[in-house]
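[1] Sequence first, then the predicted structure:
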Number of protein chains: 2
Amino acid sequence: MAKDFITRKENYSEWYNELVVRADLAENSSVRGCMVIKPYGYAIWEKMHTLMDNMFKETGHQNAYFPLFIPKSYFEKEAEHVKGFAKECAVVTHHRLRAKPDGSGLEPDPDAKLEEELIVRPTSETIIWDTYRRWIKSYRDLPILCNQWANVVRWEMRTRMFLRTAEFLWQEGHTAHATKDEAEKEAKKMMEVYATFAERYMAMPVVRGVKSENEKFAGAVDTYCIEAMMQDGKALQAGTSHFLGQNFAKAFDVKFLNKDNQLEYAWATSWGSSTRLMGALIMTHSDDNGLVLPPLLAPIEVVMIPIYKTDEEKTMINELAQRLQKELQAKGIKVKYDNDENTKPGWKFNEYEFKGVPVRLTLGARDLKQGLVEVFRRDTLAKENHNVENIVSYVEDLLKDIQQNLYNKALKYRQYNTREVNSWEEFKVEIEKGGFLLCHWDGTTETEEKIKEETKATIRCIALDAKEEEGKCIYSGKPSHRRVIFARNY
Amino acid sequence: MAKDFITRKENYSEWYNELVVRADLAENSSVRGCMVIKPYGYAIWEKMHTLMDNMFKETGHQNAYFPLFIPKSYFEKEAEHVKGFAKECAVVTHHRLRAKPDGSGLEPDPDAKLEEELIVRPTSETIIWDTYRRWIKSYRDLPILCNQWANVVRWEMRTRMFLRTAEFLWQEGHTAHATKDEAEKEAKKMMEVYATFAERYMAMPVVRGVKSENEKFAGAVDTYCIEAMMQDGKALQAGTSHFLGQNFAKAFDVKFLNKDNQLEYAWATSWGSSTRLMGALIMTHSDDNGLVLPPLLAPIEVVMIPIYKTDEEKTMINELAQRLQKELQAKGIKVKYDNDENTKPGWKFNEYEFKGVPVRLTLGARDLKQGLVEVFRRDTLAKENHNVENIVSYVEDLLKDIQQNLYNKALKYRQYNTREVNSWEEFKVEIEKGGFLLCHWDGTTETEEKIKEETKATIRCIALDAKEEEGKCIYSGKPSHRRVIFARNY
C-alpha cells in the first residue's frame, strides 16, 4: 500500500480522486467542472486516440471538423434531442467585452449581443446534419463516414475528473446511409469496434448491449453500448453507438435521390467515446498502490533503475542500460532509463509503481555481478531475479502476460459479481452488494423508473447475447422473455 | 486552366475562395465565421499535426490539455493581453436554456446566469499560468515544456476560410523557465522549428524575424515569427513564438525558489501555429488548375488511373496496378488506384489534378503493350511516357524532385519580389506592386502607424539575418541601422 494513500475499501470515491491527482493524470482547474489533463494523463489519452483512430480508418472512416458553436434554433429542431441537452449547456450571448462604466473591470458589451444565442456543442448531430444537407443529393453521395476528435461541453452539476466533467474530449462519428439496414449495421459495427478496443487495449472486458427506451440517447432509435464493471461493482458505460433512424434527416431536411429516382430521407448513426475511458481504465485495474496500466496503453512500459556505489559500477550499469534500452526499443517497447542522481532508488520505485509502469528492472551492481536483474511486475507486485542474458525477450513476453493477466483478472471479477436475481426482495438486498444483477423485466419504462427510484439501480443494457428465457418481471411479475442487466452506475 | 475556374489574375481572392471549396478542403458553415473542414482538407491538416507534433516531442515537449473556458477575471489580469483580445471574444453568460413563456422556443434561463462570465479561449496564457502557479515551487520543477492541440475562438469581423475564422484549430506551446536566457533561447528555438517545418514539409521558404513593438503579441516582450510570401505578393505570418518575460508570472503570481533559495518570478514563452498554415500552403503553390500539394503533405501522393477496352486488358491492368501499389506502399508512398467504373478517365484526370495529387500514372492498355506508363506531374503539368519496368524507383525520385522544385519555385518568386526601397516616393509606387520592401525605418511606432495609414503596409518583421547598415528612415529621414521588411499582409 502506498504511503499516505487511502485504500479502495476505506473510501473508493476518494481513492479514485486522490489517485488521479497523485499519479499526475489530471487536476481540477479553477474553472468550475473543467479539468486540466496533465502530460502523463494526456500521454495515455493520446495512445487511446491513436489506436482508436486507426480502427476507425480501417473501417473506412475519415476525420473532419465541424464548428464548436451550434445556433440555438438548430438545437431546437429535434425535439427529443433538445430535451436531453438544453438543461445543461453553455450559452454564448455576446461577442465582445467592454470596460465597465465605473472602471472596475470588463462586462459583456450590450452592443455586441448576438442576434441568436450560440450553444457550445454538447454533441454535434445538429450542426453536422445541417452540413450533410449540402453534401447529400443522390445515393451516389452515400455513405458518408465521418468522425471528429473534439471537445464538448455539458454543464453537469456534479463533476468528477474524467468521469463527468463540464468540458471533455471525445470523438464523435456521424454517418449517413442510403438504407436503414446499412445504418443499423454501421451502428452495431462501431459498438463492436469499441468493444474490441476496450478488451484488446484497455484489458477491460465489456458487455455488448442495447439500451432500454429510458436510457437511450436523446434522438436515437436504438442505442448500442458497451458496459464495464468497476472494482466497486458499479457499471460504467464506456462507449455508445446510436442508430438514429431518419430523425435528424427529417429535422434538417436531408433527402437524396435513391436508385429508383425517388426522394428519400437519409439514415443516420452516431457513436462516441470520450476521456471518460480514462476513468474506466483507472477504476478497472488500479489498486491501493496507485495506478495500474495495461502495457499497450502505458506511456512507459518498462522503467530501468540503476543502483551502484562506485564510479566503475556506474559506468558498467550505464552501458548495460543503453544496450538494453536499444534492444527493447527495437522491439517497439517504450522504455525509460531513470539515472537521475538527484533522487534515490527508493523514491523512484515508489514513483513508477504509483504511476502504473508495468515492468521495473532494477540494475543493481551486486545482482549484476551474478548476472542477475531484478524484475518487478506492477500487476501482481511480484519481484524475481532474472538472468540478464535473455532479459529482453523475457520482458517482451512478460508485457504480453501482464496485458492478458489484467484482462483475465477483470473478467473474473465481473463474472464473480454478476448473478441472477429472481425476486424483488432478493433484488433489494443484492443491489447493495454491487455488481450486475441479471433480472427479468416487463419491458416498461414505468417499472424501470420505479426500480430506479427505490434502489438507484438502472438497466445498463439488454445484452446482445442474452438468451431467450421465459420469466416474470422481478418488480411487476409480468411476463418477460430475457434477462436484462441492472446495476448502479457512473 | 480548369474548366469554369477563375484565374489568379482575374481575381486572386475569389480564386482562393473557390479553390478551397472545389478542392473539397473546407466550406463555410451556417455559424457565422466558422468553417467546416472537410475530410480531404482535414487529412492535410492531420499530416501537418503529426509532423509538427513529432518535432515538438523531439525538442522535449509534452502534450497536455487545459480548459476551453477562461474566467473573465483571469482575462483581465495581464493589461496588454486583455486589450488585445477583449474586443473579439465569445462570452458565455448562462448554463441552461428554458422554454420561452410564450412557447415559441428556447431562451437563456435567467436563473442560470453565471456569477462570472466565461470567455471561450482566444489563446490560453491566462488559464495556463493560473495552473502553472500550482506546478511551480522550485527551480527543480522547471522547465515546464507543454503544448496543447486545441480550438480557439476570436470573433473576427471579416473572415476567410483557413486564413481568418472565428474558430480555428491550432497548437499552442507554453513553457516556463528558471532564467531569462533559457526562455529567450526556447522562443528562438521554436521559431526555428516552425521555419524548418515550413521549409521542409510545406516547401514554403520563410523569413525568420522579430516583430516591431506595434505588431508583437499582446503581452509579449518579443515576438519571433516566420513570414512567407503569397503569390499575390502579400505576406502571411505562418507561426509566432513569444518571449513573454515575467509578464504572466507576475500577473498570476508564479514564483519559484531559485538555486540561491530566493523567490523569483518564472520566465515564459508561448508559441503557436494554426489551420492558417493551410491557407499559406494553398496560396504558396496552387495555380489556375487548382490545388498543388508538396508530396510530403499530400494525402494521396500518387494516383493510378486505368484505361482499357476489353476485359482482358482490364485484368492485366488491375494486376499491374496491384503490384505497383504494393511496391509503392512498401516505400512509404501514399498511393490510390482509382478503378471506379462509374466515372470516366477524363473526369478522374480533372479531379485529381484539381485536388493537387503530385503524380498521376495512367495505366493505358495501348501504352502498356509497348511497356510504357504515362507519368503526369502536377507541379509543372508535364507529361511523359516512362518504362514500366523501373517506374517505382522513378516515381520515388520524382516525388522528391517535386518537393524540391516547389520550394525552389517559391523561393525564386520571393527573391524576385523582394527589393530595397530607399525613398518615400518610391515606396508608395512599389508597395502597389506587392512583395517585400526592404527599407530603413526609424524604429518608432509613430512612423510605422503613419506608413500603415497611408499605404496599408506594415512591418512584417526585422529579419534575424538583416545586416547592419547605416541609412535613413524612408518616412522620417531619421537614422536607421538596418532595413526591415514592409509589406501588405493577410
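    Nice, I can see it. Numbers count the residues shown, from 1 in each chain, chains lettered A, B, ... in the order given.

[2] mind listing what's buried in the helix or strand of chain A with the lowest mean pLDDT?
    Within chain A, judged by mean pLDDT, DSSP states H and E, the helix or strand with the poorest mean is helix A:79-85; its value is a mean of 87. Burial within helix A:79-85, assessed by neighbour count using 16 or more other CB atoms under 10 Å in any protein chain shown, is assigned to A:81, A:82, A:84, A:85. Placement of C-beta: from N, CA and C, glycine included.

[3] and it, what does it pack onto?
    Contacts of helix A:79-85 with other secondary structure elements, assessed using 3 or more CB pairs under 8 Å, 6 or more residues apart in numbering or on different chains; DSSP states H and E, are made with helix A:72-75, helix A:247-251.

[4] quick revisit: tell me the one of the buried residues of helix A:79-85 nearest chain B?
    Of all these, the one with the least separation from chain B (CB to the nearest CB) is residue A:82, at 7.2 Å.

[5] Name the helix or strand for residue A:190, please.
    helix A:180-200 (DSSP states H and E).

[6] Output the contacting helices and strands for that helix.
    Counting contacts by 3+ CB pairs under 8 Å, 6+ apart, helix A:180-200 is packed against helix A:39-58, strand A:167-177, strand A:207-210, strand A:222-229, strand A:235-245, strand A:267-274.

[7] and the stretch 201-350 of chain A, which residues reach chain B?
    Within reach of chain B by CB under 8 Å from any CB of the partner chain, the stretch 201-350 of chain A has these residues: residue A:342.

[8] residue in the stretch 201-350 of chain A nearest to chain B?
    Taking CB to the nearest CB as the measure, the point where the stretch 201-350 of chain A comes nearest chain B is residue A:342, at 7.5 Å.

[9] name the element the residue nearest the centre of chain A belongs to?
    Among the residues of chain A, residue A:277 comes closest to the average C-alpha position under CA atoms, centre = their mean, at 1.5 Å. Following DSSP H and E, the helix or strand that holds residue A:277 is helix A:276-285.

[10] and stretch A:285-304, how far from the chain's centre?
    Taking the mean of its C-alpha atoms, stretch A:285-304 sits 17 Å from the chain's own mean (CA atoms, centre = their mean, to the nearest Å).

[11] Kindly report the same for stretch A:261-275.
    Using CA atoms, centre = their mean, the distance from the centre of stretch A:261-275 to the centre of the chain it belongs to is 22 Å.

[12] same check, this time on stretch A:28-41
    16 Å.

[13] same thing with stretch A:447-459?
    With CA atoms, centre = their mean as the basis, the distance from the averaged C-alpha position of stretch A:447-459 to the chain average is 25 Å.

[14] re the thing from before, adding mean neighbour count and mean pLDDT, write the helices and strands packed on helix A:180-200 out as TSV.
    What follows is the helices and strands packed on helix A:180-200, written out as TSV (neighbours: other CB atoms under 10 Å in any protein chain shown; pLDDT from 0 to 100):
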stretch	mean neighbour count	mean pLDDT
helix A:39-58	18	98
strand A:167-177	23	98
strand A:207-210	21	98
strand A:222-229	26	98
strand A:235-245	25	98
strand A:267-274	26	98
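
[15] Compare the ones you listed and report which one is nearest to residue A:108.
    strand A:167-177 (20.7 Å; CB to CB).

[16] partners of the strand or helix carrying residue A:148 in the sheet?
    Using DSSP H and E, residue A:148 sits within strand A:144-153. Partners of strand A:144-153 in the sheet, by DSSP bridges, are strand A:62-63 (parallel), strand A:167-177 (antiparallel).

[17] tell me which residues of stretch A:346-364 are tucked away?
    Going by neighbour count (16+ other CB under 10 Å), the buried part of stretch A:346-364 is A:348, A:351-364.

[18] So residue A:459 is in contact with residue A:209, correct?
    No. Under the criterion of CB atoms under 8 Å, residue A:459 lies out of contact with residue A:209, with a separation of 9.3 Å.

[19] what touches both of the two?
    By CB atoms under 8 Å, 6 or more residues apart in numbering or on different chains, residue A:459 and residue A:209 have these common neighbours: residue A:485.

[20] the domain parsing of chain A - what is it?
    Chain A breaks down into these structural domains: A:12-285, A:295-413, A:418-487 (assignment by automatic domain parsing).

[21] Need the distance between the two termini of the first one.
    Which is domain A:12-285. Domain A:12-285 stretches 13 Å from its first residue to its last (CA to CA, to the nearest Å).

[22] quick one: residue A:407 is in a helix?
    Yes. According to DSSP: H, G, I helix; E, B strand; the rest coil, residue A:407 belongs to a helix.

[23] Pull the number of nearby residues for it.
    20 (other CB atoms under 10 Å in any protein chain shown).

[24] Residue A:311 now?
    Taking other CB under 10 Å as the neighbour definition, residue A:311 ends up with a count of 8.

[25] Can you list phi and psi of it for me?
    Residue A:311 adopts backbone torsions of phi -60, psi -30, taken as degrees, to the nearest 10.

[26] So for it, what's the pLDDT?
    Reading off the confidence values, residue A:311 has pLDDT 96.

[27] Give me the distance between it and residue B:361.
    61 Å (CB to CB, to the nearest Å).
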